[in-house]
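A.B. asks: Dropping the sequence and predicted coords here.
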Amino acid sequence: RNRLAARVLEDSKLVARALLPSTKAYHQIWVEGVKLKLDDSDYVDPLYGKTYLPRKFKVGFATPPHNDTDVLTNCLGFVAIEENGELAGYNLTAGGGMGMSHGKETTFPRLADVLGFCTPGQVTDVAEKIVTTQRDYGDRVDRRHARLKYTIEDRGLDWFRGEVENRLGYALGQARPFAFDHNGDRYGWIDDENGNSHLTLFIQNGRVADTDESPMRTGLREIAKVHDGDFRLTANQNLIIANVSPAKRAGIESLLDEYKLTHCYDQTGLRLNSMACVALPTCGLALAEAQRYLPDLLTELDAVLGELGLKDDAITIRMTGCPNGCARPYIAEIAFVGRSPGKYNIYLGGGFIGDRLNKLYKVSAKQEEIVGILRPILERYANERTDGERFGDFVIRTGYVAETREGREFHNDFKED
C-alpha cells in the first residue's frame, strides 16, 4: 500500500506539472500590473491559449478504499486501481464541483461522472485533453455557468467522452470496479515499509493556534526544528508529520507530549469528521460565520449525542459561510450553509463516503434553533437505525429528505415542515 501511495503521489505531481501554465502572464497582470497584448505570442500559453480557462479547474487523486480527497467533487479525478498489489491505472472521473448561488436554481453542486480508465502512462495526456476540451467548450459568458460540471451537464457525458477520445486519438478503457469506505483522515501513527512513520494530527478547521488547552502552533514549530521529513496538509484540513525517521520519532513524541498534542485526535466522532471554511471575517464572500462558530455548535451537539450513546459515531458535518461550497458541504451528512449573520440553511443526507449529495431540509435556521431542529432526528437515529446504518442513509430511509445523486435534482423535492 505504501508503494502504491508513493506511485500515485508521483503521478499527481506529473499532472500538476503538465497543467501548469508555461507563460507568466497571469502573474504579470495581477501582481506586476503589466498591460499585455493578446496578440503577443510571448503571452500565448501552449496549453491554455490566450485566455486560460473560463474558470478554476480542480484535480484530485484518490486511492480506494480511502476517499480523503473527496475525489468526486473535483473537475477531474483519478481513482487508483490496484491489481495484484500494483497500480494498474486510474478510473477517470469528470464534472464534479460544489459551488452554487442562493436563489439560482440553474446553479447546483454536482458529483463527477466516471468517464473511463487510463493506464499510468496516459495520465498527463488524458489530463491535458480534458482541460483543452473545457478550454474550448466551457462557458465564457456566464461566470456562474463556467465550470466543467455545466459543460458535461449540458452536452452529456457521451459527447464529452467522445470529444476527449478524439483529441487523444485512442479510446479510454472500460472503468474498473472500486469501492470507498470513508472520506475522512486516518488519525495517529502509521509505519511504512521503508521504516519511517507518519502521524496525522487533528487540526480543527485547519486553524493552527496556541490555546490554553494546547499550545499547538508553538509545538509544531518546535517539531519543525528537529523533523527531517516533511509536513503535508490533508484535504480535510488536518496535518501529517510525514516521513519521521526512526532516529527522530522518540524526540518528536516527547515534543508532542510536552505541547499536549499527543491526544489531539481523541475527539468525538462528530468533531473528527467536521470541517468549516474560514468565512467571516476573513472571506469577503461570507454571509455568516463558519470556522469560528462550528466548534461551539459541535460542543452543543456532542452533548446531545453523548446523551443518546452516539458520542463516538462518525457523522460527517460541515459548515460554510456562503453557498460557494469551499468546505464541500453538499456531500456531508449534516451541513450548514450561511444565508445571513446567524442564519443557515440546513442540509441532510449526504453520503458518508462522499458519493451522494445532500438535500435542503430547513431554510434560514437561526443559530439558537439548530440543536432543537436536529435533536429529534438524532433521537430517532439512535433508536431506529439498522445495524451499521449511516446517518445520511437513515434520514433518507425515514423520509426526512429525498436521495440526491444528480446535481440537476439538488433543488427538487424540498418540503419544509
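C.D. replies: Great, that's in hand. Numbering: from 1, shown residues only.
A.B. asks: hey, let's count contacts and neighbours off CA atoms from now on
C.D. replies: Will do.
A.B. asks: ranges for the helices of the stretch 151-300 of the chain?
C.D. replies: Using DSSP state H, counting those that start in this stretch, the helices of the stretch 151-300 of the chain run over 157-168, 216-226, 246-258, 269-272, 294-307.
A.B. asks: Just say which of those helices is most tucked in.
C.D. replies: helix 269-272 (a mean of 22; mean count of other Cα atoms under 10 Å).
A.B. asks: Show me what it is packed against.
C.D. replies: helix 294-307 (3 or more Cα pairs under 8 Å, 6 or more residues apart in numbering; DSSP states H and E).
A.B. asks: about what we covered before: need the helices of the stretch 151-300 of the chain in CSV (columns: distance to residue 183).
C.D. replies: Putting the helices of the stretch 151-300 of the chain into CSV (distance: least, Cα to Cα, whole Å) gives the following:
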stretch, distance to residue 183
helix 157-168, 25
helix 216-226, 25
helix 246-258, 26
helix 269-272, 11
helix 294-307, 19
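A.B. asks: Of those, which is nearest residue 406?
C.D. replies: helix 157-168 (13.0 Å; Cα to Cα).
A.B. asks: what about the stretch 1-150 of the chain, any weak spots by pLDDT?
C.D. replies: The stretch 1-150 of the chain contains residues with pLDDT under 70 at 1, 36, 38-42.
A.B. asks: which residues in it form helices?
C.D. replies: 2-18, 25-27, 123-137, 148-155.
A.B. asks: Just send those back as TSV, with distance to residue 355 too.
C.D. replies: Output for those, formatted as TSV (distance: least, Cα to Cα, whole Å):
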stretch	distance to residue 355
helix 2-18	21
helix 25-27	35
helix 123-137	22
helix 148-155	16
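A.B. asks: on that earlier part again, can you put the helices of the stretch 151-300 of the chain in JSON lines and add distance to residue 198 and mean pLDDT?
C.D. replies: Formatted as JSON lines, the helices of the stretch 151-300 of the chain follow (distance: least, Cα to Cα, whole Å; pLDDT from 0 to 100):
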{"stretch": "helix 157-168", "distance to residue 198": "38", "mean pLDDT": "98"}
{"stretch": "helix 216-226", "distance to residue 198": "13", "mean pLDDT": "97"}
{"stretch": "helix 246-258", "distance to residue 198": "10", "mean pLDDT": "97"}
{"stretch": "helix 269-272", "distance to residue 198": "18", "mean pLDDT": "98"}
{"stretch": "helix 294-307", "distance to residue 198": "26", "mean pLDDT": "98"}
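A.B. asks: Any idea which of the ones you listed gets closest to residue 127?
C.D. replies: Closest among the helices of the stretch 151-300 of the chain, using Cα to Cα: helix 157-168, at 9.6 Å.
A.B. asks: ok and that closest one relative to helix 123-137, angle-wise?
C.D. replies: 120 degrees (axes from the mean of the first three to the mean of the last three Cα atoms, to 10 degrees).
A.B. asks: Check the spacing between the spatially most central residue of the chain and residue 15 real quick.
C.D. replies: Taking Cα atoms, centre = their mean, the centroid of the chain lies closest to residue 70, which sits 4.3 Å from it. Distance, residue 70 to residue 15, using Cα to Cα, to the nearest Å: 18 Å.
A.B. asks: Identify the residues contacting stretch 230-250?
C.D. replies: 68-69, 184-185, 195-206, 226-229, 275 (Cα atoms under 8 Å, 6 or more residues apart in numbering).
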